[in-house]
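In: Below: sequence and its predicted model.
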Protein chains: 2
Amino acid sequence: MTSTLPVAIEPDHDEHLVAAVESAGAQVVDLDEARALVWIGTPSEFPELPDHVEWVALKTAGIEDFVSAGVIDDRRIWTNASGFYAENVAEHALALLLAGLRQINTAVLRHWDKEPIDTSVRSLHGSTVAIIGAGGIAASLIPRLNASGARVIAVNRSGRAVEGAAQTLPSTRTGEVWAQTDHVVLAAPATAETRHLVDADMLAALPSHAWIVNVARGPLVDQDALVTALRDGQIAGAALDVTDPEPPDPHDPLWSLPNVIITPHVANPSSGLTRTMAPFLGENVRRFIAGETLLSVIGPDRDY
Amino acid sequence: MTSTLPVAIEPDHDEHLVAAVESAGAQVVDLDEARALVWIGTPSEFPELPDHVEWVALKTAGIEDFVSAGVIDDRRIWTNASGFYAENVAEHALALLLAGLRQINTAVLRHWDKEPIDTSVRSLHGSTVAIIGAGGIAASLIPRLNASGARVIAVNRSGRAVEGAAQTLPSTRTGEVWAQTDHVVLAAPATAETRHLVDADMLAALPSHAWIVNVARGPLVDQDALVTALRDGQIAGAALDVTDPEPPDPHDPLWSLPNVIITPHVANPSSGLTRTMAPFLGENVRRFIAGETLLSVIGPDRDY
């Protein structure tokens, strides 16, 4: 009977993941019998791994907390969920950008204050949007932006052309982007290199009608510099699904600025996470059994 | 010198329209010399027309106020701006729908109230959206919805298949749509037939997760029935750029319902209207001079 792949799902036997693992032909077992571990808990609860665990599947796309907890080792394959939630996050990024441009936050707060809202509405169509960190989220977002009549500048590490982008630049040339774009979407992982990517210099280089959308990680933005730029009208607004820290302090000036939209880190809702992850996990179980390369393997630099 | 087409632009010589008319090879003149009138004022100010005016261009897509003021006659060609603002309105419709689904209004009002927001976020991708009144706005909206992973049911008068829609129904079969769709976008003109198209029966037939978006005209919705449906949780929410009346009374319950987004009739901002209209007017001037059929001619039924 144990010729099927034994997979542990910890710390809870989530129903969506159990169904996905079983329908991919594996068997759900305890960790002490497992060749693979699907871990849906926090880094601090992470268990001591037996040597017979050959693969660990994490549920998140951003893995910086697992990296800093020292959980990830070099003795087995680790996968994250990079790309699994891309449709969700891309949709939320578009929602935030459009909400800012179409003044929906202002209308919600100030009701039928027609004249200032009318003159502040801007169009996505005809604009240029830069996506910083053009991976899976960008692949889902670019067709949405193009269908909305926007032109995309993609920035990725390699500078290798991204499909649907009018232009792709390597991250070493990120500084050239600000003066050429109308709006910016942050979709890069949180690494030492991307920390405070949005700083006072970058904000000063953006046009005054620019909206910045962050669906990646809070530390990509120097939040003090952002508040100053928003107060001084250097940029038009910021729509943030992530902040630093999360949530922002109740007295953080971000809450009182009229040109800020904050959603509580729900681009990929936690409540639907395992349901969204399940088909991708099933595919990875199938690949593991077949000896194929897994989706979203964490590389040796552990940046993604 | 007067072999060029003489065009009056009244009551103001708007700079964008003057430039468009002149670059199309016509000359801007007073009304008493004009063969064409571009009217950017209200119906009540509308002038007595000399017989030599062969064409009147109105600046709005909805012309019900001009019809009820008795301004439109059968003695010349009348054009409206149907389709000129379609990109703007389609973009606003998408912004409203996404803002509702992604709970941006709730986040703006209730800040980092994570758990209820997280569990209320819904995805446009994978959903079905019905567009009622599938003309120019739908033609712009459908590619945006398809790129977002949504399936579209289009409803128009003829039932003639609309490009990009998974299904097209004639307006006589509108009643079949409600149970088959997740969300509804209203983009139909205000006519006797479309008045209170959204009523208690329609609202009862929609799924409880449905959002209704209105970027057309307020009277398409029976607002009392809508308030009841929103209060009772029959539908998930309503995102309205138009209301009946406009603005809603300050004590209207719409303002206090948590699942309502109202923008102050800014899908096509007044402040940018003539700039948006200018290239279309220029094209119509070129066509008039060339003896070609004009864009957006108002038909004998004056419904559009």
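Out: Arrived safely.

In: residues in contact with the nearest residue to A:Asn88 once chain neighbours are set aside?
Out: Nearest residue to A:Asn88, sequence neighbours excluded (C-beta to C-beta, 6 or more residues apart in numbering or on different chains): A:Asn268, at 4.6 Å. No exception for glycine: its C-beta is placed from N, CA and C like everyone else's. By C-beta atoms under 8 Å, 6 or more residues apart in numbering or on different chains, A:Asn268 lies in contact with A:61, A:85, A:88-89, A:92, A:276.

In: 6 Å instead?
Out: Residues counted as contacts of A:Asn268 (C-beta atoms under 6 Å, 6 or more residues apart in numbering or on different chains) are A:85, A:88-89.

In: quick one: which of those residues is nearest chain B?
Out: Within these, the smallest distance to chain B is 6.3 Å, found for A:Asn88 (C-beta to the nearest C-beta).

In: Could you say which helix or strand holds that closest one?
Out: helix A:86-101 (DSSP states H and E).

In: buried set for that helix?
Out: Residues of helix A:86-101 classed as buried: A:86-101 (neighbour count, 16 or more other C-beta atoms under 10 Å in any protein chain shown).

In: sorry, back to before: my guess is the residue nearest to A:Asn88 is in a helix, correct?
Out: No - looking at A:Asn268 with DSSP: H, G, I helix; E, B strand; the rest coil, it is coil, so not inside a helix.

In: where along chain A do the helices fall?
Out: Under the criterion DSSP state H, chain A carries helices at the ranges A:15-23, A:64-68, A:86-101, A:104-110, A:114-120, A:136-147, A:200-205, A:223-231, A:273-290.

In: Same list, those helices, but as JSON lines with mean pLDDT please.
Out: What follows is the helices of chain A, written out as JSON lines (pLDDT from 0 to 100):
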{"stretch": "helix A:15-23", "mean pLDDT": "96"}
{"stretch": "helix A:64-68", "mean pLDDT": "90"}
{"stretch": "helix A:86-101", "mean pLDDT": "97"}
{"stretch": "helix A:104-110", "mean pLDDT": "96"}
{"stretch": "helix A:114-120", "mean pLDDT": "95"}
{"stretch": "helix A:136-147", "mean pLDDT": "96"}
{"stretch": "helix A:200-205", "mean pLDDT": "97"}
{"stretch": "helix A:223-231", "mean pLDDT": "98"}
{"stretch": "helix A:273-290", "mean pLDDT": "96"}
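
In: Let me know which of those is tucked in deepest.
Out: Across these, averaging neighbours per residue (mean count of other C-beta atoms under 10 Å in any protein chain shown) puts helix A:86-101 on top, at a mean of 27.

In: What angle do helix B:86-101 and that one make with each other?
Out: Angle, helix A:86-101 to helix B:86-101, by axes from the mean of the first three to the mean of the last three C-alpha atoms, to 10 degrees: 120 degrees.

In: tell me how far helix A:86-101 is from the chain's mean position?
Out: How far helix A:86-101 lies from its chain's middle: 11 Å, per C-alpha atoms, centre = their mean, to the nearest Å.

In: Show me what that helix is packed against.
Out: In this structure, helix A:86-101 packs against helix A:136-147, strand A:211-214, strand A:237-240, helix B:86-101, with contacts taken as 3 or more C-beta pairs under 6 Å, 6 or more residues apart in numbering or on different chains; DSSP states H and E.

In: so which of the ones you listed comes closest to A:Arg110?
Out: In terms of C-beta to C-beta, the element of those nearest to A:Arg110 is strand A:237-240, at 14.4 Å.

In: So for the residue nearest the centre of chain A, what's the pLDDT?
Out: Centroid check for chain A by C-alpha atoms, centre = their mean gives A:Ala216 as the closest residue, at 4.0 Å. Looking at A:Ala216, its pLDDT reads 95.

In: For it, give me its contacts.
Out: A:186-188.

In: a markdown table for the residues you listed, including distance to B:Val7 and pLDDT?
Out: Shown next, in a markdown table, are these (distance: C-beta to C-beta, whole Å; pLDDT from 0 to 100):
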| residue | distance to B:Val7 | pLDDT |
| --- | --- | --- |
| A:Leu186 | 48 | 98 |
| A:Ala187 | 49 | 96 |
| A:Ala188 | 53 | 93 |
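
In: could you dump those residues to TSV with neighbour count and distance to chain B?
Out: Shown next, in TSV, are the contacts of A:Ala216 (neighbours: other C-beta atoms under 10 Å in any protein chain shown; distance: C-beta to the nearest C-beta, whole Å):
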residue	neighbour count	distance to chain B
A:Leu186	25	17
A:Ala187	28	16
A:Ala188	27	21
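
In: that older thread, and A:Ala8, which of the helices of chain A is closest to it?
Out: It's helix A:15-23; of the helices of chain A, that one is closest to A:Ala8 (C-beta to C-beta) at 9.6 Å.

In: Okay, angle between that closest one and helix A:273-290 too, please.
Out: Going by the same axes, to 10 degrees, helix A:15-23 makes 20 degrees with helix A:273-290.

In: what residues does the stretch 1-150 of chain A put near chain B?
Out: Contact residues, the stretch 1-150 of chain A versus chain B (C-beta under 6 Å from any C-beta of the partner chain): A:87, A:91-92, A:95, A:98-99, A:102, A:104-105, A:107-108, A:112, A:114, A:117-119, A:121, A:124-125, A:143-144, A:147-148.

In: which residues does whichever residue of the stretch 151-300 of chain A sits closest to chain B contact?
Out: Per C-beta to the nearest C-beta, A:Pro247 is where the stretch 151-300 of chain A lies closest to chain B, at 3.6 Å. By C-beta under 6 Å, 6+ apart, A:Pro247 lies in contact with B:Trp112.

In: and what of A:Val7?
Out: Counting by C-beta under 6 Å, 6+ apart, A:Val7 has contacts A:21, A:26, A:28, A:34, A:36.

In: same thing with A:Pro6?
Out: Here A:Pro6 is in contact with A:27, A:29, A:33-35 (criterion: C-beta under 6 Å, 6+ apart).

In: again, 10 Å this time
Out: For A:Pro6, the contact set (C-beta atoms under 10 Å, 6 or more residues apart in numbering or on different chains) comprises A:26-36, A:52-53.
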